[in-house]
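Asker: Test case, fold it:
(4 chains)
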2 protein chains.
Amino acid sequence: MTSVEEPADPGERVRDPARTRAEILDVATREFARAGYDGARVDEIAARTRTTKRMIYYYFGGKEQLFTAVLERAYGLIRDAEQQLDVEHLDPVTAIRRLAGLTFDHCERHPDFVRLVGIENVQGAGRPGRTGSPALDVIRRILAAGQESGVFRAGVDAVDLYAVITSFCFFRVANRHTFGTLFGRDLLDAERRAHYRSMLSDMVVAYLTAEPTPG
Amino acid sequence: MTSVEEPADPGERVRDPARTRAEILDVATREFARAGYDGARVDEIAARTRTTKRMIYYYFGGKEQLFTAVLERAYGLIRDAEQQLDVEHLDPVTAIRRLAGLTFDHCERHPDFVRLVGIENVQGAGRPGRTGSPALDVIRRILAAGQESGVFRAGVDAVDLYAVITSFCFFRVANRHTFGTLFGRDLLDAERRAHYRSMLSDMVVAYLTAEPTPG
DNA sequence: GTCTATAGATAGATAGAC
DNA sequence: GTCTATCTATCTATAGAC
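Answerer: All right, here's what the predicted structure looks like:
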């Protein structure tokens, strides 16, 4: 044996596989988000990493699996954020505002996540394996509490509400360029961030507290 | 000269260039929407047309310009639809519901349009040349009328409102796959169409008619 | 586990006859 | 204007030395 506890001689590079894997994922996330699945280049990813293309195939198997790994990690991130939501002690209006704010903030801080989801949708069917969302359970409880106490209207579905909230948060990021070109307004302008953040909650709360539309 | 008014002999094919051009655009629209810009194949487009690949280059110059032409036509379609909006004679609430309904219907009937816009955004900056939207002027007038008559709150911006309306209409189409996988619900399910259509208007109207949130 | 070199497939684009 | 055949570049993926 060459060495027991001591790190080997400098010639033998003791690289951390987990670290290399994570670095590849970081770079791949940016590259896929930048150019789409088919537009992304494995060579480009390798070049921006401290490892080589061969290692990408060694660790992940191929471009397809790398893309899947990138997606899984991105989904895990928002999942974690949603899991940390603690709104049980809040009144329903404040609770739903907090949830909307969290979704808004996550998309704001992780635009690549939004783009990747869009790319996955262009690419084809969503890969199976992922299911549900911590946020959904939170919304269900908030809706139930709000309806019970009479501040929320009845008959609002949790999945629908989550779709509406996510729509706006996604749109700002995903359609930033065309919307900016068409209307001369940058939806991600930092100066308008707080405005859009509260507008989203205002709209959701207005809907939840309004009298149901007849018809 | 071979012939004056009469169509030439069968050996000389008198094809309609405008028709060929339109057919290429139709097929290209589907192909780009299906696979994204880099995923789309010029060969595939040609194969699904009654003409050849050479003609695509002859008419459009290249893949890039073909994609631009596809986008221009798609934008033109919604522009036309919006231009035909006639809501001047309606009360503000009905008017804004009609506008939201039109946007909703257009995305429903032209899912390729939504996908193409998403792809354009992934691809990079929105191409210049397009600007404004007939719907925006319509919204401006509706908002002004509604605020003047006191049914709408003040301080709501037309561009923001259009963004919100479009968000939901786009999201249903653009994120159908991943959302369906995650939540087991098809946002384009025909049975839920009417529900989502009115839900969007309900939300917008609730926001516009609610008391402004203090803060 | 890490590198270089290269295989193998396929894409966008064009030449050139008719 | 329309066709066939092909060029050239490039990309994913892998072989093989170390």
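Asker: Could you confirm whether the longest helix along chain A reaches DNA strand D?
Answerer: The single longest helix within chain A, with elements called by DSSP state H, is helix A:63-83. Yes. Using Cβ under 7 Å from any atom of the strand, helix A:63-83 reaches DNA strand D at A:K63, A:E64. Where you see a C-beta, it was placed from the backbone N, CA and C, and this is true even at glycine.
Asker: Counting neighbours, what do you get for A:Y58?
Answerer: 12 (other Cβ atoms under 10 Å in any protein chain shown).
Asker: got a list of contacts for the host helix or strand of it?
Answerer: Here A:Y58 sits within helix A:53-60, counting by DSSP states H and E. The set of residues external to helix A:53-60 that reach it, using Cβ atoms under 8 Å, 6 or more residues apart in numbering or on different chains, is A:P17, A:T20, A:R21, A:I24, A:A28, A:V42, A:D43, A:I45, A:A46, A:T49, A:L66, A:A69.
Asker: what do you get for stretch A:68-82?
Answerer: Stretch A:68-82 is contacted by residues A:25, A:28-29, A:32, A:60, A:102, A:106, A:110, A:112-113, A:116-117, A:120, A:127, A:130, A:133-135, A:138 when judged by Cβ under 8 Å, 6+ apart.
Asker: Provide a complete list of residue ranges assigned to helices in chain A.
Answerer: Along chain A, the stretches classed as helices by DSSP H are A:17-35, A:42-47, A:53-60, A:63-83, A:92-109, A:111-123, A:134-148, A:158-174, A:176-183, A:193-209.
Asker: ok so, going back, put the buried members of the contacts of helix A:53-60 into a ChimeraX selection.
Answerer: Selection of buried members from these for ChimeraX, criterion 16 or more other Cβ atoms under 10 Å in any protein chain shown:
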select /A:20,21,24,28,42,45,46,49,66,69
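Asker: Let me have the contacts of helix A:53-60 in a markdown table, adding pLDDT as columns.
Answerer: Supplementary listing: the contacts of helix A:53-60 in a markdown table, determined by pLDDT from 0 to 100:
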| residue | pLDDT |
| --- | --- |
| A:P17 | 84 |
| A:T20 | 90 |
| A:R21 | 92 |
| A:I24 | 95 |
| A:A28 | 97 |
| A:V42 | 96 |
| A:D43 | 95 |
| A:I45 | 95 |
| A:A46 | 95 |
| A:T49 | 93 |
| A:L66 | 96 |
| A:A69 | 95 |
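Asker: Include distance to DNA strand C when you put the contacts of helix A:53-60 into CSV, please.
Answerer: Listed next are the contacts of helix A:53-60 as CSV, based on distance: Cβ to the nearest atom of the strand, whole Å:
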residue, distance to DNA strand C
A:P17, 4
A:T20, 5
A:R21, 9
A:I24, 10
A:A28, 16
A:V42, 10
A:D43, 9
A:I45, 13
A:A46, 9
A:T49, 9
A:L66, 15
A:A69, 16
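Asker: what's the farthest-apart pair in the contacts of helix A:53-60?
Answerer: Distance extremes for the contacts of helix A:53-60: the farthest pair is A:P17 and A:D43 at 21.6 Å, using Cβ to Cβ.
Asker: follow-up on the earlier one: averaged pLDDT, the helix holding A:Y58. What do you get?
Answerer: The average of the pLDDT scores along helix A:53-60 is 94.
Asker: could I get the longest helix of chain A in PDB with only the CA atoms?
Answerer: C-alpha atoms of helix A:63-83 as PDB (Å, rounded to 0.1, in the frame of the first residue of the first chain):
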ATOM      1  CA  LYS A  63     -26.200  14.100 -22.200                       C
ATOM      2  CA  GLU A  64     -29.800  12.900 -21.600                       C
ATOM      3  CA  GLN A  65     -29.000  11.600 -18.100                       C
ATOM      4  CA  LEU A  66     -27.100  14.700 -17.300                       C
ATOM      5  CA  PHE A  67     -30.100  16.800 -18.200                       C
ATOM      6  CA  THR A  68     -32.300  14.600 -16.000                       C
ATOM      7  CA  ALA A  69     -29.900  15.000 -13.100                       C
ATOM      8  CA  VAL A  70     -29.900  18.700 -13.600                       C
ATOM      9  CA  LEU A  71     -33.600  18.800 -13.500                       C
ATOM     10  CA  GLU A  72     -33.900  16.500 -10.400                       C
ATOM     11  CA  ARG A  73     -31.600  18.800  -8.500                       C
ATOM     12  CA  ALA A  74     -33.500  21.900  -9.500                       C
ATOM     13  CA  TYR A  75     -36.800  20.400  -8.400                       C
ATOM     14  CA  GLY A  76     -35.200  19.300  -5.200                       C
ATOM     15  CA  LEU A  77     -34.300  22.900  -4.500                       C
ATOM     16  CA  ILE A  78     -37.800  24.300  -4.600                       C
ATOM     17  CA  ARG A  79     -39.100  21.300  -2.800                       C
ATOM     18  CA  ASP A  80     -36.700  22.000   0.100                       C
ATOM     19  CA  ALA A  81     -37.800  25.700   0.100                       C
ATOM     20  CA  GLU A  82     -41.400  24.700   0.200                       C
ATOM     21  CA  GLN A  83     -40.800  22.200   3.000                       C
END
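Asker: relative orientation of that helix and helix A:111-123 in degrees?
Answerer: Between helix A:63-83 and helix A:111-123, the angle comes out at 130 degrees (axes from the mean of the first three to the mean of the last three Cα atoms, to 10 degrees).
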